[in-house]
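[1] Sequence and predicted structure are below.
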Amino acid sequence: MEIIEIGDGNREEWASFVDSRPEAHLYHDYRWKQVLEDSFGHKAHYLMARDNGKTAGILPLVFLNSKIMTPAIISLPFLNYGGILAQDDDIAAALLEKAKEQIGKPGPRILRCVTYQNSQRFL
């Protein structure tokens, strides 16, 4: 399995995975990336897990840098849904670990992620 950061060239792959998951929300839609970047000026980083060449999970992340709040990585800010979407707990855990790698680097010091809905493991 590999976890990669994706760009606009992977939009269709992202959309196909979201469409295939019954627990997906409209906030998993890739188009939110541009909305959050253009409307609020935040940098979005979208992670994708691939297992045997197929998309196995996604995690949309947005880096918030505010003068009045601690810098943070949030999935997703201003929304109640749209966190980890994965085919199983191991994929979800790998996505979360990749997101945690960003903490402590210059900038974000907090990670906030909407609850992963498939498992009690992450509650």
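    Structure received.

[2] Please tell me I have it right and H25 contacts G82.
    Yes - assessed by C-beta atoms under 8 Å, H25 is found in contact with G82 at 5.8 Å. Any C-beta I mention is one placed from the backbone N, CA and C, and that applies to glycine too.

[3] could you say what helices and strands the longest helix along the chain packs with?
    Ranked by number of residues, the top helix in the chain under DSSP state H is helix 89-100. Judged by 3 or more C-beta pairs under 8 Å, 6 or more residues apart in numbering; DSSP states H and E, the packing partners of helix 89-100 are strand 2-6, strand 43-51, strand 54-64, strand 110-113.

[4] so where is this protein shaky, pLDDT-wise?
    Applying pLDDT under 70 to the chain flags the ranges 66, 76-81, 104-123.

[5] ok so, going back, identify, out of the helices and strands packed on helix 89-100, the most deeply packed stretch.
    Among the helices and strands packed on helix 89-100, strand 54-64 has the highest mean neighbour count (mean count of other C-beta atoms under 10 Å), at a mean of 23.

[6] Parallel or antiparallel, which strands does the next helix or strand after it pair with?
    Next helix or strand after strand 54-64 toward the C-terminus (DSSP states H and E): strand 72-75. As defined by DSSP bridges, the strand partners of strand 72-75 come to strand 54-64 (antiparallel), strand 110-113 (parallel).

[7] Just the buried positions in strand 72-75, please.
    Residues 72-75 are the ones in strand 72-75 that count as buried (16 or more other C-beta atoms under 10 Å).
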